[in-house]
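Engineer: quick one: sequence plus predicted model below, questions after.
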Amino acid sequence: QVHVVESGGGLVQAGGSLRLSCAASGRTFSSYSMGWFRQAPGKEREFVATITWNGGGTNYADSVKGRFTISRDNAKNTVDLQMNSLKPEDTANYYCAARRGPMSSMGYDYAYWGQGTRVTVSS
């Protein structure tokens, strides 16, 4: 089992950058694929990015490809989401999630979720 907590959200102007971090508990963190999802007000939760257990593979939603980068440090039990060239449409609550198994863009594949961190991008 793993417990995850997000941090790093905030208010930023369009074109700016933010770095989200997800800290995970548990000695088996390195065996989990990790994902970032987001949910904007009044909208469904959507996939943002995912990374394999060893960081060797990543996948991104088309809407963030080329702007966001997911990475992990298994020695520190963390997974980060570097967000550049932010747009107002990136405004959402961002959630970190963990799953045993291959990386996935489907939220229902993830068993463990954090409480989320709010990102607001002003125009």
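Structural biologist: Happy to help now that I have it. Residues are numbered from 1 along each chain as shown.

Engineer: Phe47 against Gly107, yeah?
Structural biologist: Yes. Here Phe47 lies in contact with Gly107, judged by CB atoms under 8 Å, at a distance of 7.0 Å. Heads up, the C-betas are built off the backbone N, CA and C, glycines and all.

Engineer: once you drop chain neighbours, what's closest to the residue minimising distance to the centre of the chain?
Structural biologist: The residue lying closest to the centre of the chain (CA atoms, centre = their mean) is Trp36, at 2.4 Å. Of all residues not flanking Trp36 in the chain, Val48 sits nearest, at 4.3 Å (CB to CB, 6 or more residues apart in numbering).

Engineer: list the helices and strands the helix or strand containing that neighbour packs on?
Structural biologist: Per DSSP states H and E, Val48 falls inside strand 46-51. With contacts defined as 3 or more CB pairs under 8 Å, 6 or more residues apart in numbering; DSSP states H and E, strand 46-51 has these neighbours: strand 32-39, strand 58-60, strand 68-73, strand 78-83.

Engineer: let's have these in TSV, adding mean pLDDT and distance to Arg100.
Structural biologist: Below are the helices and strands packed on strand 46-51 laid out as TSV (pLDDT from 0 to 100; distance: least, CB to CB, whole Å):
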stretch	mean pLDDT	distance to Arg100
strand 32-39	98	6
strand 58-60	98	17
strand 68-73	98	15
strand 78-83	98	15
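
Engineer: on that earlier part again, what is the burial count for the residue nearest to Trp36?
Structural biologist: Neighbourhood size, Val48 [other CB atoms under 10 Å]: 25.
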